[in-house]
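> quick one, what's the 3D model for this:
(one chain, ligands or ions: 2)
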Amino acid sequence: MRISVIGLGYLGAVHAASMASLGHEVVGVDVDAARVEALAGGKAPFFEPGFDELLTRVQDTCRLQVTTDVAAVAGARVHFVCVGTPQQVGSLAADLSFVEAAFASVVGQVAPGDVVVGKSTVPVGTAARLAGLVEAAGASLVWNPEFLREGFAVEDTLHPDRIVYGVADGEAGVRAAGVLDEVYAAVLAEQMPRVVTDYPTAELVKVAANSFLATKISFINAMAELCEVAGGDVTRLADAIGHDARIGRRFLNAGLGFGGGCLPKDIRAFMARADELGAPEAVAFLGEVDAINTRRRVRMVELAGQVLGGDVAGRRVVVLGAAFKPDSDDVRDSPALDVAARLGEAGADVVVHDPQAIDNARLKAPELVYESDLEAALSGAEAVLVLTEWRVYKDLDPVRAGSLVGARNVLDGRNALDRESWQAAGWRYRALGRA
Ligand SMILES: NC(=O)C1=CN([C@@H]2O[C@H](COP(=O)(O)OP(=O)(O)OC[C@H]3O[C@@H](n4cnc5c(N)ncnc54)[C@H](O)[C@@H]3O)[C@@H](O)[C@H]2O)C=CC1
Ligand SMILES: O=C(O)[C@H]1O[C@H](OP(=O)(O)OP(=O)(O)OC[C@H]2O[C@@H](n3ccc(=O)[nH]c3=O)[C@H](O)[C@@H]2O)[C@H](O)[C@@H](O)[C@@H]1O
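Ligands and ions are numbered 1, 2, ... in the order given. Model prediction:
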């Protein structure tokens, strides 16, 4: 089928290439000319495992065309809107201006019978509002939230845990769902759950899922705070409660907490929307989830001060990790970069290393010093802070690292290192949530 994808960021670019890999003829549109140019040349505009290979495969089939000209979407039968919904400056609410602009430009191109599919994460009520615009052009709207994780984006797009459609009432909704089933036929062949519901439920499913994940992380980080004062070990605690199948061990990794372009802004936008709907108390707990998350960053800076004898000013500190999570170059609301910036503000001589995210980090925090060679970054450091659990940091040899640094202090911000082997190599090991 001929389809279009509007917005070629972490979500849209992977969606477009994945749909082309399923055999569809895809036209992708983005307002960012540099991004379009990179994709047109078969190059991923960001680091995502497996994405370069997918692009190369798709390029060979000539089924993916990219452009800045929205007129190119005319002739496609299904149009996926994948533009950003960042946090508004000075407010908790989502900035919907990109979604509104994208819908306005797409409806000018659609033909009667087309299906417009919203994939961006939006506040509940947005789809019902946009449906009128789409229907006025003779097309139908489906809200089809996306649940992919960065670092696993290709895998999650082609093999999701579930697919959710929010559709209009009646025949029109059934017909639109049927068209989307055709697009996803190869994905649905794996028989994962497919939930067809109304617009508000589909929108709420997305923010509820991200809120639950954020809550799970902050729950374990609250336990980490208690372990720190009571002398417990949060990693053992997480293992023990995680054995209960009702709780589960996943997303109970205590440490610096959550960041990225989604969980933080989604829980904030949910609070703002609940407030508008007159039900702020329903999700007031998310304020605490957010506060626990921020406290972990503050605690990390305190811990660095403690191991350095009370003051970080003038002390050489190496921050390992700038991305918000491993296997990504995304630094949006990155806990690691935030801690590095806080240490820099406190006067520390900070050097930041990351295997993939230095270019993005430099744009976001140009005041920090970056080093792309890991051994050079470690040289002379008086404290080593592991803040993003990249494999290369987990694989560090503590003996070799110990020969490079100025003092053997390691702070494990992600509970990712093997404590015993670091201690055996003469390191003073400190971690969040472990006394
Ligand atoms: N990044 C992720 O892992 C996931 C993101 N989402 C949601 O998907 C949406 C997009 O997120 P990302 O891809 O991370 O954002 P992003 O910021 O990486 O990409 C958004 C893209 O849309 C483009 N754009 C903006 N206005 C446009 C317009 N009028 N026409 C065409 N292109 C336009 C931008 O230039 C940019 O390339 C957000 O709502 C996000 O919450 C949902 C699930 C996963
Ligand atoms: O809406 C979105 O954009 C996406 O947001 C998250 O995906 P993502 O942000 O890519 O990354 P996660 O793997 O969820 O990690 C988020 C943050 O939580 C942190 N985290 C994760 C798990 C954990 O146990 N502990 C923990 O601190 C990570 O380090 C990272 O900073 C969700 O997992 C996706 O399902 C969702 O589609």
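
> around ligand 1, pick out the residues from the stretch 151-300 of the chain.
Contact residues of the stretch 151-300 of the chain with respect to ligand 1, defined by Cβ under 6 Å from any ligand atom, are listed as 261, 262. Using the backbone N, CA and C atoms, a C-beta is placed for each residue, glycine as well.

> any weak-confidence spans in the stretch 151-300 of the chain?
By pLDDT under 70, the stretch 151-300 of the chain contains no weakly predicted segment.

> show me which residues of it are close to ligand 2?
Selection of the stretch 151-300 of the chain residues close to ligand 2 by Cβ under 6 Å from any ligand atom yields 210, 213, 217, 251-253, 255, 257-260, 262-263.

> neighbour-wise, which of those leads?
Per-residue neighbour counts (other Cβ atoms under 10 Å) across these peak at residue 257, which has 29 neighbours.

> tell me the phi and psi of that residue?
Main-chain dihedrals, residue 257, degrees, to the nearest 10: phi 90, psi -170.

> what sits against it?
217, 218, 221, 292, 293, 294, 296, 297, 335 (Cβ atoms under 8 Å, 6 or more residues apart in numbering).

> what do you get for residue 39?
Under the criterion of Cβ under 8 Å, 6+ apart, the contact list for residue 39 reads 8, 13, 28, 45, 55, 64, 66.

> let me know the closest of those to residue 85.
In terms of Cβ to Cβ, no member of the contacts of residue 39 lies closer to residue 85 than residue 8, at 15.3 Å.

> taking this structure, what residue is nearest to ligand 1?
The shortest separation between the chain and ligand 1 is 1.8 Å, found at residue 9 (distances taken as Cβ to the nearest ligand atom).

> tell me which helix or strand residue 142 sits in.
Take DSSP states H and E as the rule and residue 142 turns out to sit in strand 140-143.

> wondering if that strand reaches ligand 1 at all.
No: judged by Cβ under 6 Å from any ligand atom, strand 140-143 stays clear of ligand 1, getting no closer than 11.8 Å.

> count the residues that sit near residue 38.
Residue 38 has 18 neighbouring residues, counting by other Cβ under 10 Å.

> so which strand or helix has it?
In this structure, residue 38 sits in helix 33-40 according to DSSP H and E.

> now that helix: mean pLDDT?
Taken as a whole, helix 33-40 has an average pLDDT of 97.

> CA atoms only: put the helix or strand that comes right after it into CSV for me.
Proceeding N to C from helix 33-40, the next assigned helix or strand is helix 51-61, under DSSP H and E. The C-alpha coordinates for helix 51-61 follow below in CSV (Å, rounded to 0.1, in the frame of the first residue of the first chain):
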residue,chain,number,x,y,z
PHE,A,51,18.4,1.2,12.0
ASP,A,52,21.3,1.8,9.6
GLU,A,53,21.0,-1.8,8.4
LEU,A,54,17.3,-1.5,8.0
LEU,A,55,17.7,1.7,5.9
THR,A,56,20.3,0.1,3.7
ARG,A,57,17.9,-2.8,3.0
VAL,A,58,15.0,-0.5,2.3
GLN,A,59,17.1,1.7,0.1
ASP,A,60,17.9,-1.2,-2.1
THR,A,61,14.1,-1.8,-2.7
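
> mind listing what's buried in helix 51-61?
Residues of helix 51-61 classed as buried under the neighbour-count rule (16 or more other Cβ atoms under 10 Å) are 51, 54, 55, 58, 59.

> contact partners for the third one?
Read that as residue 55. Taking Cβ under 8 Å, 6+ apart as the definition of contact, the neighbours of residue 55 are 17, 39, 42, 43, 44, 64.

> make a ChimeraX selection of the buried ones in the residues you listed.
ChimeraX command restricting the contacts of residue 55 to the buried ones, with burial defined by 16+ other Cβ under 10 Å:
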select :17,39,44,64
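
> angle of the helix holding residue 38 against helix 51-61?
Put simply, helix 33-40 runs at 70 degrees to helix 51-61, going by axes from the mean of the first three to the mean of the last three Cα atoms, to 10 degrees.

> now helix 33-40: how far from the chain's centre is it?
Its chain's C-alpha centre lies 22 Å from the corresponding centre of helix 33-40 when counted by Cα atoms, centre = their mean, to the nearest Å.
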